[in-house]
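[1] Just a sequence and a predicted model for now, questions to come.
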Amino acid sequence: NFHYYYHTFNRDSIIACIVSSGTSLFSGFVIFSVLGHMAHIQGKGVGDVAKSGPGLAFLAYPEVVTQLPISPLWSILFFLMLLILGIDSQFCTVEAFVTGIVDEWPRYLRPRRRLFTLTVVIVQFCLGVPLIMGGGMYVFQLMDFFSASGFSLLLVVFFEIVGLCWVFGATNIYKNMKDMLGFYPLRWFYYCWVGFAPVIIGAIFLFSVIKYEPLVYADTYKYPWWGELIGWCLALSSVLCIPFYALYFLFIKTDQSLTLRE
């Protein structure tokens with residue numbers, strides 16, 4: 001966060017949530033109207049026209065765009081939108097990663113922040129090159145299923161809430177917000193942090209484990225055992241950082257470990 005200490009971040013958070021939800025709702029109207037049109041033309045059900053995932057953006061929707069007046073213009077605008085959304089997402093992910101690392105070692109990295117950011121971008125670019133190769137879609141599905149969503153995301157969010165609200169303390173967060181905003185936020189948020197959010201996320205995680213099925217691409221290709229193993233290694237690579245850093249923080253950085261909680 002690069003805002004000053006007394007910035008009204010609650011207003012920004014509410015606006016971001018409303019805009020994000022509103023955009024998703026509006027895009028849902030657009031997508032399902034397009035799918036309904038395709039289903040009507042092909043004489044199929046909406047569920048048989050296209051599946052969720054990258055195929056919807058790169059196969060189904062462009063096919064409909066070709067049937068619109070001035071189709072080249074709409075095609076350019078559509079793929080330009082995808083490019084801008086991708087760049088915007090990269091800003092968030094790169095900045096969050098770079099800021100966390102720089103704050104951990106400010107003495108060495110803060111004077112070289114631009115060079116470090118450039119290095120991170122180049123490394124991420126090299127890691128992303130296989131996704132545009134011939135078998136890139138298979139790699140993308142593997143990364144999306146195990147890394148970007150599912151078990152690892154739920155576990156990271158769960159431990160993030162537990163660490164903030166149960167280790168650092170929800171009451172401390174509540175007081176800090178009062179200090180920054182000048183007033184206490186709604187008590188509803190406190191109950192969400194302490195109880196509702198961890199319970200709901202834990203329940204979703206349990207249902208995900210119970211309903212787990214091996215990854216299948218396009219309903220035809222079942223990943224081999226070593227592909228599943230690579231996927232689980234990707235998932236654990238983010239989850240295992242939590243206990244490893246907790247041990248490092250407690251046993252190596254003992255001078256500032258739990259002194260923040262009173």
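    Great, that's in hand.

[2] The stretch 101-250 of the chain: helices as residue ranges?
    Shown for the stretch 101-250 of the chain, the helices assigned by DSSP state H, counting those that start in this stretch span residues 106-109, 113-128, 136-143, 151-162, 170-181, 187-191, 197-210, 225-239, 241-251.

[3] any chance of those helices in a markdown table, with distance to residue 9 and mean pLDDT too?
    For glycine as for every other residue, the C-beta is placed from the backbone atoms N, C-alpha and C. Converted to a markdown table, the helices of the stretch 101-250 of the chain look like this (distance: least, Cβ to Cβ, whole Å; pLDDT from 0 to 100):
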| stretch | distance to residue 9 | mean pLDDT |
| --- | --- | --- |
| helix 106-109 | 23 | 89 |
| helix 113-128 | 23 | 92 |
| helix 136-143 | 32 | 86 |
| helix 151-162 | 17 | 87 |
| helix 170-181 | 7 | 87 |
| helix 187-191 | 13 | 87 |
| helix 197-210 | 18 | 89 |
| helix 225-239 | 26 | 87 |
| helix 241-251 | 25 | 83 |
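
[4] Out of those, flag the one nearest residue 65.
    helix 136-143 (20.7 Å; Cβ to Cβ).

[5] buried sites along the closest one?
    137, 138, 139, 140, 141, 142, 143 (16 or more other Cβ atoms under 10 Å).

[6] same for that helix, what does it pack against?
    Secondary-structure packing of helix 136-143 (3 or more Cβ pairs under 8 Å, 6 or more residues apart in numbering; DSSP states H and E): strand 216-217, helix 225-239.

[7] Just give me how far that helix sits from the chain centre.
    16 Å (Cα atoms, centre = their mean, to the nearest Å).

[8] how about the strands in the stretch 1-150 of the chain?
    With DSSP state E, counting those that start in this stretch, there are no strands along the stretch 1-150 of the chain.

[9] any idea how far the nearest residue to residue 37 once chain neighbours are set aside is from residue 104?
    Distances taken as Cβ to Cβ, 6 or more residues apart in numbering place residue 64 nearest to residue 37, at 6.4 Å, with adjacent residues excluded. Note on residue 64: its distance to residue 104, by Cβ to Cβ, to the nearest Å, is 47 Å.
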